[in-house]
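Student: Pasted the sequence and its predicted model underneath.
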Amino acid sequence: MTTTTKEPMPSVEAELYELSMPGRLLGKEVLDNRARRIGIVRSIRIALNPTRSELIVKGAEVEFPVDFSKVDAVGTVVQLNSVVKDAEEIEVHDVIRLQKEVLDDIKSYLGTR
């Protein structure tokens with residue numbers, strides 16, 4: 001009689017970026033359900049075991065994940081269907097600064113300037 005032990009499958013994560021700023025998601029402003037501008041989309045994170053997909057939002061002095069189930073609509077902005085208490089509201093000039101920071105980060109990952 002052969003017994004097999006099931007080893008737990010390790011979690012696998014990938015972070016996805018677009019190469020244009022703003023892209024279809026990357027760099028877009030993120031608004032909570034009170035229409036507060038709370039950050040921009042920095043990247044998309046996909047994980048397996050357990051399966052999950054989330055936006056990584058870069059705000060003022062904070063980065064946080066937002067599950068795709070909390071995204072209400074994507075157009076010129078990403079509209080969430082919930083309040084984000086951990087993020088403070090940002091201004092338009094902050095959006096431009098954050099977009100530049102994210103683009104510079106991506107360029108450094110790629111080794112280009």
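Tutor: Cool, the structure landed. Residues are numbered from 1 along each chain as shown.
Student: Show me the strands in the protein, by range?
Tutor: Under the criterion DSSP state E, the chain contains strands at 12-16, 29-31, 37-48, 52-59, 62-67, 71-74, 78-80.
Student: Any regions of the chain where pLDDT drops low?
Tutor: Along the chain, the model assigns pLDDT under 70 to residues 1-5, 112-113.
Student: So which residue is dead centre in it?
Tutor: Ile56 (1.9 Å; Cα atoms, centre = their mean).
Student: Hmm, that residue is touching Ile46, no?
Tutor: No: counting by Cβ atoms under 8 Å, Ile56 stays clear of Ile46, with 11.1 Å between them. In short, each C-beta sits where N, CA and C put it, glycine included.
Student: joint contacts of those two?
Tutor: Listed as contacting both Ile56 and Ile46 by Cβ atoms under 8 Å, 6 or more residues apart in numbering are Glu15.
Student: Next, count neighbours for Ser11.
Tutor: 10 (other Cβ atoms under 10 Å).
Student: Pull the contacting residues for it.
Tutor: Ser11 touches Ala47, Leu48, Asn49, Pro50, counting by Cβ under 8 Å, 6+ apart.
Student: The nearest residue to the second one once chain neighbours are set aside and Asn49, how far apart?
Tutor: Meaning Leu48. Leaving aside its sequence neighbours, Leu48 sits nearest to Val12 (Cβ to Cβ, 6 or more residues apart in numbering; 4.6 Å). From Val12 across to Asn49, the span is 7 Å (Cβ to Cβ, to the nearest Å).
Student: Check Ile90 too.
Tutor: For Ile90 relative to Asn49 (Cβ to Cβ), the value is 34 Å.
Student: Tell me which of these two has more neighbours.
Tutor: Taking other Cβ under 10 Å, Ile90 and Asn49 do not tie; Ile90 has more neighbours (21 against 11).
Student: Please report how far the more buried one lies from Lys107.
Tutor: From Ile90 to Lys107 the distance is 23 Å (Cβ to Cβ).
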